[in-house]
Structures are given as structure tokens and as C-alpha cells.
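J.: just need the structure, nothing else, for what follows:
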Amino acid sequence: MSDEFPDRLSVDPNSPYYNADILARDVGIRFKGIEKTNVEEYCISEGWVRVTAGNAKDRYGNPLTIKVHGPVEPYFRDKK
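T.: Numbers count the residues shown, from 1 in each chain. Sure, this is the predicted structure:
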């Protein structure tokens, strides 16, 4: 498997940007130099992440997300 990250990745299985093979390798996200654990989706080229907004849910039971802009750095946590 390649160590390349897709430009866009989502943890939602209903999303077209979902990739189970990459997510199985325990992906971490650094956003503005700080590790984030509540990222639902990211886009490297556009420079944004979608983070969950607390425990709030939409009418379909999905977590509410907020899009935040800034530098995105994905990495594999299993690598040293």
C-alpha cells in the first residue's frame, strides 16, 4: 500500500471520499500545527477540515460539522 494520502478523505461511509483501506491504517490530522481527533473530513488542496460540533446531531442523526480553513497535514500514526 502506498504512503500517499488522497487529496480529500472522509470517515463517513456514505461519502464518495470514504476509503476504508487508508482509514484502517490509523490516520492522524494536524491542523494549524495541532493534532485534531474530531475531524470528519479534510481536503489538502483547498486547506480545510470538517470537525464535529460537540454532541449536536442533524435531523438524520449524523454529527453536525463545521468547516474550518487552514493548513492540513495528514499522517499515519503507526509511523515513527
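
J.: bridging residues for residue 72?
T.: Applying DSSP bridges to residue 72 gives these bridge partners: residue 31.

J.: how much space between it and residue 34?
T.: To residue 34, residue 72 is 11 Å away according to CB to CB, to the nearest Å. From N, CA and C alone the C-beta is placed, and that goes for glycine too.

J.: tell me which of the two has more neighbours.
T.: Between residue 72 and residue 34, counted using other CB atoms under 10 Å, the more crowded position is residue 72 (22 against 8).

J.: gap between the more buried one and residue 14?
T.: Counting by CB to CB, the gap from residue 72 to residue 14 is 22 Å.

J.: same question for residue 24.
T.: The value you get for residue 24 to residue 14, if CB to CB is used, is 18 Å.

J.: and if you look at residue 34?
T.: The gap separating residue 34 from residue 14 is 28 Å, by CB to CB.

J.: what's the answer for residue 32, then?
T.: Distance from residue 32 to residue 14, by CB to CB: 28 Å.

J.: who has more neighbours, those two?
T.: Remark: of residue 32 and residue 14, residue 32 carries more neighbours, 12 against 7, as counted by other CB under 10 Å.

J.: show me where this structure has strands.
T.: In order along the chain, the chain carries the following strands (DSSP state E): 8-10, 27-31, 34-36, 39-43, 48-57, 63-69, 72-76.
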